[in-house]
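Peer 1: coords please:
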Amino acid sequence: MLINRKNVSKNVVIFCIAALAACAGIAKADIGDRGEGQHQHHNFKKFAKKLGLTDAQKVQAKTIFQGNREAVKPIITSLHDERKNLQALIHADTIDEAAIRAETAKLAVIQADLNVNRAKVAAQFRAILTPVQQDTLKTLHQKKRNKEADTAPEE
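Peer 2: Numbers count the residues shown, from 1 in each chain. All right, here's what the predicted structure looks like:
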């Protein structure tokens with residue numbers, strides 16, 4: 001099977017850009033110090049109500065999420081810096097393919113760090129839930145994925 005290197009490279013770049021775009025909302029939400037605190041607080045209240053969290057669970061969840069904010073800030077800062085670097089490379093007068101690939105690879109590593117962090121925080125959150133609440137959470141996530149799939153643009 002012959003693999004077209006140009007198409008593979010193109011797909012890798014597209015994947016990385018798509019992953020970064022998808023993560024932008026997560027990264028923005030994780031920072032929480034850019035005037036979005038009220039919005040996040042409202043979403044947490046709605047989410048807590050849907051899951052039927054007890055007051056003790058709400059306190060535990062807030063502790064988990066607030067503790068994560070400090071841990072994720074340097075990762076987010078790095079993400080923003082590297083994205084600026086990539087944009088500068090993309091819009092430079094001359095194309096430096098190797099530099100663009102290297103910068104894209106850096107972004108992929110940072111994105112992976114964010115994804116691992118997100119998985120760890122999600123596991124900590126699920127650990128405070130009852131089995132019924134965990135099932136409800138799975139259902140909410142599935143509904144969200146279905147909704148995103150329904151609204152995704154077709155290729």
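
Peer 1: give me the neighbour count for E148.
Peer 2: Using other C-beta atoms under 10 Å, the number of residues around E148 comes to 10. (C-beta placed from N, C-alpha, C; glycine too.)

Peer 1: now it. Its backbone dihedrals?
Peer 2: Note on E148: its backbone torsions stand at phi -70, psi -40 [degrees, to the nearest 10].

Peer 1: check what pLDDT it gets.
Peer 2: The model reports E148 with a pLDDT of 85.

Peer 1: might you report the residue contacts of it?
Peer 2: Contact partners of E148, counting by C-beta atoms under 8 Å, 6 or more residues apart in numbering, are absent.

Peer 1: show the subsequent helix or strand relative to whatever helix or strand N43 lives in.
Peer 2: Element membership for N43 (DSSP states H and E) is helix 37-51. Heading C-terminal from helix 37-51, the first helix or strand you meet, by DSSP H and E, is helix 55-90.

Peer 1: in whatever helix or strand comes next after that following helix, what's buried?
Peer 2: Following helix 55-90 in sequence order, the next helix or strand is helix 97-127 (DSSP H and E). Using 16 or more other C-beta atoms under 10 Å as the test for burial, helix 97-127 gives 100, 103-104, 106-108, 110-111, 114, 117, 121, 124-125.

Peer 1: and those as JSON lines, adding pLDDT and distance to L53?
Peer 2: Formatted as JSON lines, the buried residues of helix 97-127 follow (pLDDT from 0 to 100; distance: C-beta to C-beta, whole Å):
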{"residue": "I100", "pLDDT": "96", "distance to L53": "45"}
{"residue": "E103", "pLDDT": "96", "distance to L53": "41"}
{"residue": "T104", "pLDDT": "96", "distance to L53": "40"}
{"residue": "K106", "pLDDT": "96", "distance to L53": "38"}
{"residue": "L107", "pLDDT": "96", "distance to L53": "35"}
{"residue": "A108", "pLDDT": "96", "distance to L53": "35"}
{"residue": "I110", "pLDDT": "95", "distance to L53": "31"}
{"residue": "Q111", "pLDDT": "95", "distance to L53": "30"}
{"residue": "L114", "pLDDT": "94", "distance to L53": "25"}
{"residue": "N117", "pLDDT": "94", "distance to L53": "22"}
{"residue": "V121", "pLDDT": "94", "distance to L53": "16"}
{"residue": "Q124", "pLDDT": "95", "distance to L53": "14"}
{"residue": "F125", "pLDDT": "94", "distance to L53": "10"}
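
Peer 1: I'm done for today, thanks for sticking with me.
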